[in-house]
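Asks: sharing a model that was predicted from the sequence below.
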Amino acid sequence: MNDETLKLFAKYCLHRTSAKDFSDWAINCLENGIDSKNIRILASMFTAQYENEVSKYFFKSLADLNWNPPSAEKCLLDYAKLIAQQILDNEIDAIEGSNEIYMIYLHLDYVPELTNWDYLHGGMHPETYEDLVFNKNGIEDKHLLEEAIREEAAKLIFGKITTVHQYKVKPDFEFAEEQEEGLFSKLWKRIF
């Protein structure tokens, strides 16, 4: 399956396709020498109004080519990696790409592989929780955020993901003491 097919299938999984998207995909296939009866039918449906009219020909076209569609999760994770590569290659804006990966993260019900993109979407560094949108003078400067996005994109592509657990809190001294003694027992002592 080529990148264009992966993109279309990912958009389909995210419920962001239109009838024209499928027809455009088929035309692109024909222009690149990928041909079948169902691709030709699909290419001719550029005026179709409804996605369900054309999506069945998309899946028939995949079958014609012996391209088995991956599971939605695998497709979207592969698409996230494709977006990460586009970020590194400066084909798309880093923040725009980050937002797209964040939407995939939400759609996949918070898969651990993409947890760090949640922090980046919020403008925080996924490991230090540092504000990456405003500099130390309080002036908006997204350079740090874009740099962190590029670092995370490289980790996603090369499989060096260090997942930060959501809602991780660095305990301060007082909280650490409460943990040692046991929060419940300390509260019990305060009440009685």
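Replies: That came through, no problem.
Asks: what's stretch 44-53 in contact with?
Replies: 17, 18, 19, 20, 22, 23, 24, 26, 27, 54, 57 (CB atoms under 8 Å, 6 or more residues apart in numbering). Where C-beta positions appear, they are placed from N, C-alpha and C, glycine not excepted.
Asks: so which of those is the closest to residue 72?
Replies: Lowest distance from residue 72 to the contacts of stretch 44-53 (CB to CB) belongs to residue 17, with 13.3 Å.
Asks: thought that closest one was touching residue 55?
Replies: Yes - with contact defined as CB atoms under 8 Å, residue 17 counts as touching residue 55 (7.4 Å).
Asks: on that earlier part again, ok, of the contacts of stretch 44-53, which come out buried?
Replies: Taking 16 or more other CB atoms under 10 Å as the criterion, what is buried in the contacts of stretch 44-53 is 17, 19, 22, 23, 24, 26, 27, 54, 57.
Asks: I'd like to know how far the second one sits from residue 49.
Replies: From residue 19 over to residue 49 the distance is 6 Å, taken as CB to CB, to the nearest Å.
Asks: can you give me the helices for the protein?
Replies: Applying DSSP state H to the chain gives helices spanning 3-13, 19-31, 37-43, 51-64, 72-88, 94-107, 115-121, 143-158, 173-181, 183-191.
Asks: buried sites along the fourth one?
Replies: By neighbour count, with 16+ other CB under 10 Å as the criterion, the buried positions of helix 51-64 are 51, 54, 55, 57, 58, 60, 61, 62.
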